[in-house]
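Participant: let me see the structure of the following:
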Amino acid sequence: MKKKFIILLPLLAQTANSLSAPAANKNTNTKQSKPMNSPNQDIAKQIMTLSRSGKTKEAINLYYNAFDGTDGKRKNISTRMMNNAIGACARPFKPLYDEAFGIFEHGLKKGIQPNVYTYGSLMSVCAKMGNVKKCTSLLKQMKGDGIKPNSVIYSTAISACERSTPPRSDIAIELLREGNSGGNMDGFMNIVGYNAAISVCSRAGEWKQACQILNEMERRDTQEFQFEKAFLHDDAFIPRPDEVTYGTVMAACERAKEWHKVLELSKRMESERTDLTMDGMAISSALHACQQLSYGHDALVFLEKMKQLKIQSQNHRERDNRQRKALKGPDNVAFLLAISACARGGLIEEALELLRNIEQETGTPPDVAAYSSVIGGCAESGEYMKAIELLKEMKANGVEPNVISFSAAISACASASANADKARKDMKAKDPLYSEEDITLRVVQRPMRTALKLLERMREGKNESTKPNIVTYNAAIRACAEGLDVSKAFSLLDELRDRELEPTIVTYGSLMTACERVGDVEGASKVFRELRDNEVEPNEIIYGAAISCCRKADQPERTLALLRKMIQSNLSPNIATYNTVIMAQAEANNMEKASAVFNLLTSSHSKAKPNRQTYSILVKASNANAKPATAEFYLHRMKEDGMKPDVELLTATVSSYERSKEPIKALQMMEAMREEGYDFYQMKIFDAAFKQGVKVINNVVGKGFYGENSTIAVSEKD
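Facilitator: Presented below is the predicted three-dimensional model:
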């Protein structure tokens, strides 16, 4: 099944059915119906039969042949015959516009009186062509003829707004308002008109308008959007939203990539208040949102809902053979979305189980896209050996891996090296005698070598669909970066150029990461030269990696220079970048410069905000440099920013005061801490600082510093 982003409404079919029905309003100018056995009725039926069988020209000829050409008078002509002939012009994929209006003008000249169905047939022709201007003109014309439009007329005119280029949501909403304003002979707009207006908003990319119409239909307030005025009249008849309404709004949000909104609408649709059930298309939209948000567990729930649709469809198939064609169970697309959601959300085993069940549920074995989705999940989690196993399984099952499959597997190798810290701990836990060199070889460089072997396999393969592209090379360069092989990363840059591929900003970012991992400042400078020579502006990621590289190379001044350059380039350093620069200054005991960077971070020009790590770096560095007062200043700022200081930071500051021969300040700080709920009597470092402070104070004042009733009794016995 092709994934549809917009739910198209069968408005024209509904219009055609409505036009063939008898008039239901005495205010129309419809002629009195002829007896069923009249010649006019027979010809009208013949025209309709020819029209429905696709014989449009024959239907039109039959209409014209009903005239007596000798005296020019009507012989067997009725309004219904003219309506059916115009309706025949609306049936082809490309409507017969000129023929339809030719029949209309001919009928007027011959004295045939048009009615609401005449204009409805003409409206269908114009709507199918997306001719909004002509539809609105017909509305005015029929009102001028004393014929009130009905809800079908307005719905058809709204559908023209959807087919126009660009879609006219503004006119669609005005038509919706007008249809409910009293000029409609039905007195109200039905659900078809509302859904059509929402569909126009969806195609126009106006997802907020679609949501507003739904909100007003639900008659509920929303805090998410604030509008100047309501689209719908307060006194208008507003139908309850149905499955199509919610599905169309979900499709609008899906088209706009408002994934959280899609899932919110799915909950609203199936709330107790609505008593509605999601159909296949709505569930597909929800699955797409889960896939984009990596919500694996939610995707499994929605897939189960789709399976229930299949069961319900099988149970009702014999009872209702007239059901409109719809998605009645999971198809390959639904499974693919669920697999991708699970894989990206870290539920690899669940993704594999879905992969194994595709053929049983859909009758079609998993294809390259399904396998690639699971391998992509392995890339997220760094399970590169599982990715390799899946490549082998594909070949065994006759599914040829493509460039996406291989690139994802190479990316899994890169992630495995990047996640080496956990693997290091696991190896040490198994055998403490493992050397650092052996661990690096196994958990860092082995995945890199696997990635390079995959790349070589792609290069040497004869299948064009597996030839490496720039995405492949970017993944391989990242694998080299995480594998701590800078020279190989740069050699891959040369290789991709030899293959006439163009480096991207991701390429340069991966190269800078390679330099950062080993503190290669010379390599980082080379990356900047490459960027300059190729007229590519470095982004925040590249600057951040370069700053980290300079910090690892013990070049704090360069971190400051890069930060200044970054800000001058109108880029916004994130908090990690600021923390790296502060750390570089602190490690070099440049506390004044560290403070200056903090001031820059907290200025109005910065989009980043200090976090717990920021204050931890500054407090620890201040104490290490025998500046407990400065440390205490940052502790106060930390509290002002809503973060409770860690006990370790407080104890380190108290200890720093004690080492600086300032026991009174240490005691004052301890008293403040006690008031905030810290039990320093239970902490050895507090106890030592406290007793040292007591000795000094007693030598100075002779009696208790705080007096006999103090909550901190100053006595050596304490």
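Participant: separation between Leu62 and Pro645?
Facilitator: Plainly put, Leu62 is 91 Å away from Pro645 if you go by C-beta to C-beta, to the nearest Å. Any C-beta I mention is one placed from the backbone N, CA and C, and that applies to glycine too.
Participant: tell me the pLDDT at Asp145?
Facilitator: You'll see Asp145 listed with a pLDDT of 87.
Participant: how about the nearest residue to it once chain neighbours are set aside, secondary structure?
Facilitator: Closest residue to Asp145 apart from its sequence neighbours, by C-beta to C-beta, 6 or more residues apart in numbering: Pro114 at 6.8 Å. Of the three states, Pro114 takes coil under DSSP: H, G, I helix; E, B strand; the rest coil.
Participant: show me where the stretch 401-550 of the chain has its helices.
Facilitator: 403-418, 420-430, 436-439, 446-460, 470-482, 486-498, 505-518, 521-533, 540-552 (DSSP state H, counting those that start in this stretch).
Participant: of all those, which one is nearest Ala631?
Facilitator: Smallest distance to Ala631 across the helices of the stretch 401-550 of the chain (C-beta to C-beta): 21.7 Å, for helix 540-552.
Participant: in terms of secondary structure, what does the closest one contact?
Facilitator: Where contact means 3 or more C-beta pairs under 8 Å, 6 or more residues apart in numbering; DSSP states H and E, helix 540-552 is packed against helix 505-518, helix 521-533, helix 556-568, helix 575-587.
Participant: okay, now the domains of this structure?
Facilitator: Domain segmentation of the chain under automatic domain parsing yields 8-20+37-129, 149-269, 614-718.
Participant: hang on, the earlier thing: export the helices of the stretch 401-550 of the chain to CSV and tack on mean pLDDT and mean neighbour count?
Facilitator: What follows is those, written out as CSV (pLDDT from 0 to 100; neighbours: other C-beta atoms under 10 Å):
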stretch, mean pLDDT, mean neighbour count
helix 403-418, 93, 26
helix 420-430, 57, 13
helix 436-439, 59, 12
helix 446-460, 93, 19
helix 470-482, 95, 26
helix 486-498, 95, 17
helix 505-518, 95, 24
helix 521-533, 95, 16
helix 540-552, 96, 23
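Participant: Leu122 is nearest to which of those helices?
Facilitator: helix 403-418 (50.1 Å).
Participant: could you export that closest one as PDB, CA atoms only?
Facilitator: The C-alpha trace of helix 403-418 is given here as PDB (Å, rounded to 0.1, in the frame of the first residue of the first chain):
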ATOM      1  CA  VAL A 403      23.700   0.700   0.100                       C
ATOM      2  CA  ILE A 404      21.300   1.700   3.000                       C
ATOM      3  CA  SER A 405      21.700  -1.700   4.600                       C
ATOM      4  CA  PHE A 406      25.500  -1.600   4.400                       C
ATOM      5  CA  SER A 407      25.800   2.000   5.500                       C
ATOM      6  CA  ALA A 408      23.600   1.300   8.600                       C
ATOM      7  CA  ALA A 409      25.800  -1.700   9.400                       C
ATOM      8  CA  ILE A 410      29.000   0.500   9.100                       C
ATOM      9  CA  SER A 411      27.300   3.100  11.300                       C
ATOM     10  CA  ALA A 412      26.600   0.300  13.900                       C
ATOM     11  CA  CYS A 413      30.300  -0.400  14.000                       C
ATOM     12  CA  ALA A 414      31.000   3.300  14.700                       C
ATOM     13  CA  SER A 415      28.500   3.400  17.500                       C
ATOM     14  CA  ALA A 416      30.000   0.200  19.000                       C
ATOM     15  CA  SER A 417      33.400   2.000  19.200                       C
ATOM     16  CA  ALA A 418      31.700   5.100  20.600                       C
END
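Participant: can you give the distance from it to the centre of its chain?
Facilitator: 23 Å (C-alpha atoms, centre = their mean, to the nearest Å).
Participant: now do that helix: which elements does it pack against?
Facilitator: By 3+ C-beta pairs under 8 Å, 6+ apart, helix 403-418 packs against helix 368-381, helix 384-396, helix 446-460, helix 470-482.
Participant: want to throw those into a markdown table with distance to Gln46?
Facilitator: As requested, the helices and strands packed on helix 403-418 are exported to a markdown table (distance: least, C-beta to C-beta, whole Å):
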| stretch | distance to Gln46 |
| --- | --- |
| helix 368-381 | 51 |
| helix 384-396 | 59 |
| helix 446-460 | 66 |
| helix 470-482 | 62 |
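Participant: check contacts around Leu501.
Facilitator: Asn469, Ile470, Tyr473 (C-beta atoms under 8 Å, 6 or more residues apart in numbering).
Participant: mind redoing it with 10 Å?
Facilitator: Pro468, Asn469, Ile470, Val471, Thr472, Tyr473, Asn474, Leu493, Glu495, Thr507 (C-beta atoms under 10 Å, 6 or more residues apart in numbering).
Participant: quick revisit: and the helices and strands packed on helix 540-552 as a markdown table, adding distance to Asn402?
Facilitator: Shown next, in a markdown table, are the helices and strands packed on helix 540-552 (distance: least, C-beta to C-beta, whole Å):
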| stretch | distance to Asn402 |
| --- | --- |
| helix 505-518 | 20 |
| helix 521-533 | 30 |
| helix 556-568 | 39 |
| helix 575-587 | 36 |
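Participant: and the gap between Ala416 and Ser407?
Facilitator: 15 Å.
Participant: could you do Pro95 as well?
Facilitator: 47 Å.
Participant: cool, Gln209 as well?
Facilitator: Counting by C-beta to C-beta, the gap from Gln209 to Ser407 is 39 Å.
Participant: again, but for Asn83
Facilitator: 60 Å.
Participant: with Tyr578 instead?
Facilitator: On the measure of C-beta to C-beta, Tyr578 and Ser407 end up 34 Å apart.
Participant: for Lys627, what are its contacts?
Facilitator: So Lys627 contacts Met591, Ala621, Phe633, Thr653, Ser656, Ser660 (C-beta under 10 Å, 6+ apart).
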